[in-house]
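# sequence first, then the predicted structure, then my questions.
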Protein chains: 2
Amino acid sequence: MSDTGQAVLADLILDRESPVPLYHQVVSRIESAIERGELQPGVRLDNEVEIARQLGLSRPTLRMAIARLVDKGLLIRRRGLGTVVAPAHVRRPFALTSLYDDLVAVGRRPVTRVLGFKSVPAPEEIARELTVQPGTRLLFIRRLRLIEGEPIAVMTNYLPEGLLRAEAPELEESGLYRLLRRRGIQPRIANQTVSARLASAAEARLLSVRRGAPLLTMRRTAFDDAGRPVELGIHIYPAERYSLEMTVVRH
Amino acid sequence: MSDTGQAVLADLILDRESPVPLYHQVVSRIESAIERGELQPGVRLDNEVEIARQLGLSRPTLRMAIARLVDKGLLIRRRGLGTVVAPAHVRRPFALTSLYDDLVAVGRRPVTRVLGFKSVPAPEEIARELTVQPGTRLLFIRRLRLIEGEPIAVMTNYLPEGLLRAEAPELEESGLYRLLRRRGIQPRIANQTVSARLASAAEARLLSVRRGAPLLTMRRTAFDDAGRPVELGIHIYPAERYSLEMTVVRH
DNA sequence: AAGTGGTCTAGACCACCGC
DNA sequence: CGGTGGTCTAGACCACTTT
């Protein structure tokens, strides 16, 4: 009914010497203020000109920050009305994070076992999807992921050779995407197909489910900034223990 | 190896009298040039300052346009290198379109049968997900979608009353989202959970599959600009005939 | 009418990249 | 080094929403 409150952002501290862009500093400060509950859902922010003045920024710079937050679904902005903190309806951004990151984020302890790690010539279909020549040598990786002793995924990946070296042990400690990032490789765009089928006997054994249990399947090709192939992933999950969650924002 | 060509965008026609923002005009012009093949993947664009000059725009305005196209995965931009048209690896944006739209877009003819359309009090769990009071009256809709005679989805939806009226017949002609848009309701953010399970006898009958066949399941809550609940959808798809595709761009 | 975000301009300087 | 995109400024005017 009445005003839900006016947020004062004047005390955000910006570091003009930092290499981190100012608008990005604003994004992360406001983001964490919302996460910590200092900015409650429904709270109305001051208008853009006023916030910019308080922070000592130009309006375009501040707008860039707010635009990012709107994109993430954290803020809602309407002409003539103002900017308010979005309701809490989850705000998990749909991004190219790995399952590993997701699980760690909620405090669970996934364990990974590397089942396969070798160089293979690219099968025709996989070569086509990754846009490499058939027969090109690819790194084949197969991992089993468990959480509290229960298998939750069998992940098969094909990567162009040279992206990773003999890093099988590290794959037991870290996610594939984290390992790639550490080597300076940034997946940027990914095409995913999600479907379902029944577990074969071999899959059932690996995943500790009965034969014919429902599996969630995901097939993904990922490319970097320059459009170079990074990875093809074929993942299967026991549907009884796993689901994919995503938040979609319409622009 | 050598230059892949230099695109001249100077002949894009902009209408400064139009209510459509200039940057948006640039976005749609370039978008359709790429779709029509006038701008081939790999083609390098002139630098921002030059394009802006050619179009008679300021650089920030042009940058806004290019940023949108990069977001959509149509262009790739790298500091020091330039801007090029992205490789063709699909570019289906992951958005809140309906299955209906998707199928029509590829020229297929889906048919929809409305199985249920009535007002019901909100069950507790559904009320919580939609952030309405338990017992609030909701519109319950259940539809069966077929393509070339084969069922591909059973869609169950709950909407706050008042968003739609007695429009059951129209639901056989148009998608739910299209109908909502026509009434000025714009879903903006949606949380989706995708998983899988086996078909019950009743579901198997509806979907023309055997009992125990794998089903892809999707549960979605959607909210509008102002964070008001728009819809809760519970969809099931016969996995043997349907998969979900999405393109994810990391920002 | 008043207040808000939306669009647009014309510059400036910086950081990264390949040569 | 020269060229590119990345960031930032200080304004201006417009369109929409509510009072």
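That came in fine, so what should we check first?
# for stretch A:139-147, which outside residues touch it?
Stretch A:139-147 is contacted from outside by A:99-100, A:103, A:108-120, A:151-161, A:163-164, A:168, A:171, A:176, A:206, using Cβ atoms under 8 Å, 6 or more residues apart in numbering or on different chains. The C-beta positions use only the backbone N, C-alpha and C, and glycine is treated the same way.
# quick one: average pLDDT of it?
Stretch A:139-147 comes out with an average pLDDT of 93.
# how many residues are close by the residue of the stretch 151-251 of chain A found nearest DNA strand D?
Residue of the stretch 151-251 of chain A nearest DNA strand D, by Cβ to the nearest atom of the strand: A:D225 (9.4 Å). A:D225 has 18 neighbours, counted by other Cβ atoms under 10 Å in any protein chain shown.
# shouldn't it be in contact with B:R79?
No - in this structure A:D225 lies outside contact range of B:R79 using Cβ atoms under 8 Å: 10.4 Å.
# now for the closest residue in space to A:E161 that isn't next to it in sequence: which residues touch it?
The shortest distance from A:E161 to any non-neighbouring residue, by Cβ to Cβ, 6 or more residues apart in numbering or on different chains, is to A:R137 (5.0 Å). A:R137 sits next to A:119-122, A:161 when contact means Cβ under 8 Å, 6+ apart.
# spell out which parts of chain A neighbour DNA strand D.
Within reach of DNA strand D by Cβ under 7 Å from any atom of the strand, chain A has these residues: A:21-24, A:56-61, A:64, A:78-81.
# give me the subset of those residues that also touch DNA strand C.
Restricting those to those touching DNA strand C (Cβ under 7 Å from any atom of the strand) yields A:59-60, A:78-81.
# in strands only, show me those.
Counting by DSSP state E, the part of these found in strands is A:R78.
# contacts for stretch A:157-170?
A:114, A:117, A:119-120, A:122, A:126, A:130, A:132, A:136-143, A:176, A:179-180, A:183, A:185, A:228-234.
# average pLDDT across that stretch?
pLDDT averaged over stretch A:157-170 gives 82.
# what about that stretch, start to end distance?
Distance between the boundary residues of stretch A:157-170 (Cα to Cα, to the nearest Å) amounts to 15 Å.
# convert stretch A:51-68 to CSV, retaining C-alpha atoms only.
C-alpha atoms of stretch A:51-68 as CSV (Å, rounded to 0.1, in the frame of the first residue of the first chain):
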residue,chain,number,x,y,z
ILE,A,51,22.0,7.7,-6.9
ALA,A,52,24.6,8.8,-9.4
ARG,A,53,25.0,12.1,-7.5
GLN,A,54,25.4,10.3,-4.2
LEU,A,55,28.0,7.9,-5.6
GLY,A,56,29.8,10.6,-7.5
LEU,A,57,29.2,8.8,-10.8
SER,A,58,27.8,10.0,-14.1
ARG,A,59,24.3,8.8,-14.9
PRO,A,60,25.3,6.6,-17.8
THR,A,61,27.8,4.7,-15.7
LEU,A,62,25.2,4.1,-13.0
ARG,A,63,22.7,3.1,-15.6
MET,A,64,25.0,0.5,-16.9
ALA,A,65,25.2,-1.0,-13.4
ILE,A,66,21.5,-1.0,-12.9
ALA,A,67,20.9,-2.5,-16.3
ARG,A,68,23.1,-5.5,-15.4
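# list the buried residues in that stretch.
Within stretch A:51-68, the residues scored as buried using 16 or more other Cβ atoms under 10 Å in any protein chain shown are A:51-52, A:55, A:57, A:62-68.
# again with stretch A:135-153
Within stretch A:135-153, the residues scored as buried using 16+ other Cβ under 10 Å are A:138-147, A:151-153.
# and the end-to-end length of it?
28 Å.
# show me how far that stretch is from its chain's centre.
18 Å (Cα atoms, centre = their mean, to the nearest Å).
# now swap in stretch A:229-249 and tell me
Centre-to-centre, stretch A:229-249 and its host chain are 11 Å apart (Cα atoms, centre = their mean).
# mind listing the helices for the stretch 51-200 of chain A?
A:59-71, A:99-105, A:124-130, A:168-171, A:176-182 (DSSP state H, counting those that start in this stretch).
# would you single out the least confident of those?
What stands lowest among the helices of the stretch 51-200 of chain A, in mean pLDDT terms, is helix A:99-105, with a mean of 61.
# domain map for chain A?
Under the assignment automatic domain parsing, the domains of chain A span A:3-85, A:90-245.
# any chance of these in JSON lines with distance to B:T247 as columns?
Shown next, in JSON lines, are those (distance: least, Cβ to Cβ, whole Å):
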{"stretch": "domain A:3-85", "distance to B:T247": "16"}
{"stretch": "domain A:90-245", "distance to B:T247": "5"}
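# and the ones you listed: which comes nearest B:A239?
Proximity to B:A239 (Cβ to Cβ) singles out domain A:90-245 among the domains of chain A, at 3.7 Å.
# show me what from chain A comes close to DNA strand C.
Residues of chain A that fall close to DNA strand C, judged by Cβ under 7 Å from any atom of the strand: A:19, A:45-50, A:59-60, A:63, A:77-83.
# pick the most buried one from the domains of chain A.
Highest mean neighbour count among the domains of chain A (mean count of other Cβ atoms under 10 Å in any protein chain shown): domain A:90-245, with a mean of 17.
# ok now that domain, how far from the chain's centre?
With Cα atoms, centre = their mean as the basis, the mean position of domain A:90-245 lies at 13 Å from the chain mean.
# please enumerate the strands of the stretch 51-200 of chain A.
Taking DSSP state E, counting those that start in this stretch, the strands of the stretch 51-200 of chain A run over residues A:75-78, A:82-85, A:110-121, A:137-147, A:150-160, A:187-198.
# what stretches of the stretch 1-150 of chain A score poorly on pLDDT?
Applying pLDDT under 70 to the stretch 1-150 of chain A flags residues A:1-8, A:88-107.
# quick check: the residue in it positioned nearest to DNA strand D vs B:L171, distance?
Distances between the stretch 1-150 of chain A and DNA strand D by Cβ to the nearest atom of the strand are smallest at A:G80, namely 2.4 Å. Between A:G80 and B:L171 the distance, using Cβ to Cβ, to the nearest Å, works out to 33 Å.
# let me see the contact set for A:R183.
A:163-164.
# now do A:G227
B:41, B:76, B:86-87, B:89.
# go again with 10 Å.
Residues counted as contacts of A:G227 (Cβ atoms under 10 Å, 6 or more residues apart in numbering or on different chains) are A:131, A:188-189, B:41-42, B:73, B:76, B:84-89.
# can you put those residues in JSON lines and add distance to A:R36?
Output for the contacts of A:G227, formatted as JSON lines (distance: Cβ to Cβ, whole Å):
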{"residue": "A:T131", "distance to A:R36": "44"}
{"residue": "A:R188", "distance to A:R36": "30"}
{"residue": "A:I189", "distance to A:R36": "32"}
{"residue": "B:P41", "distance to A:R36": "44"}
{"residue": "B:G42", "distance to A:R36": "46"}
{"residue": "B:G73", "distance to A:R36": "33"}
{"residue": "B:I76", "distance to A:R36": "36"}
{"residue": "B:V84", "distance to A:R36": "41"}
{"residue": "B:V85", "distance to A:R36": "42"}
{"residue": "B:A86", "distance to A:R36": "38"}
{"residue": "B:P87", "distance to A:R36": "41"}
{"residue": "B:A88", "distance to A:R36": "43"}
{"residue": "B:H89", "distance to A:R36": "39"}
